[in-house]
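A structural model of the following input is requested.
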Amino acid sequence: MGMRDELPGRPCSVAATLNLIGEKWSLLAIREIIFGNKRFDMIARNTGAPRDRLAVRLRGLEAAGIIARRQYSEHPARYEYELTQAGQELRPVLLTIRAWGDKWAVDTPPATFGHNCGEDLDAAVVCRNCGAEVNADDLKMRVLTPGWTREGPC
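Below you'll find the predicted structure:
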């Protein structure tokens, strides 16, 4: 899973990631698998995705190494989906999207997540090196791609 050469514009990990998981049905399928709903019918029901479109998205996620299929029935052949390591590492991404949605996209959050501390989760991005919460003012961008600056191509 490297940078995709065919992506237009700035070389960017965000663009490469959105190319893999940026479509709504993909992220909602990942959400359902995280919730333990691993079978196609459950994913289709809980996402509202058209079945043909969901099948295409699941195949794409499998090809990208984000999910894996596991057969649970032989007659007829039926499969369920599990997150790979790459898929597991999308959990904090979905937590962050959910937190933003709870604040900006809905009047009342439809669910909460309790943390082991006994409180509802209030997630934050922290620096693994120093443990401090990350704020936009704390960051300085270093462009590593030759021929590009923060402003764009040289």
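
So the spatially most central residue of the chain versus residue 62, what's the distance?
Nearest residue to the geometric centre of the chain (CA atoms, centre = their mean): residue 90, 4.4 Å. From residue 90 over to residue 62 the distance is 14 Å, taken as CB to CB, to the nearest Å. For glycine as for every other residue, the C-beta is placed from the backbone atoms N, C-alpha and C.

Equivalent analysis for residue 107, please.
Where residue 62 is concerned, residue 107 sits at a distance of 36 Å (CB to CB).

One more: residue 124?
32 Å.

One more: residue 97?
Residue 97 sits 22 Å away from residue 62, taking CB to CB as the criterion.

give me the element the residue of the chain lying at maximal distance from its centre is part of.
Within the chain, residue 75 marks the point farthest from the mean C-alpha position, 32.6 Å out by CA atoms, centre = their mean. Counting by DSSP states H and E, no helix or strand carries residue 75.

Would you map the helices across the protein?
Under the criterion DSSP state H, helices of the chain are mapped to 13-21, 24-34, 40-47, 51-63, 85-88, 91-104.

Could you look over the ones you listed and pick the most buried one?
Ranked by mean neighbour count, the helices of the chain are led by helix 24-34 with a mean of 20 (mean count of other CB atoms under 10 Å).

Please list the outside residues in contact with it.
Defining contact as CB atoms under 8 Å, 6 or more residues apart in numbering, one finds that helix 24-34 is touched by 20-21, 38, 42-43, 46-47, 49, 53-54, 57-58, 60-61, 66-67, 81-83, 87, 90-91, 94, 97.

ok, now stretch 101-120?
Against stretch 101-120 from outside (CB under 8 Å, 6+ apart): 95, 121.

switch the cut-off to 7 Å
Contacting residues not belonging to stretch 101-120 are listed as residue 121 [CB atoms under 7 Å, 6 or more residues apart in numbering].

ok, how many other residues are close to residue 68?
The criterion is other CB atoms under 10 Å. On that basis, residue 68 has 14 neighbouring residues.

Check the gap between it and residue 82 for me.
Distance from residue 68 to residue 82, by CB to CB: 5 Å.
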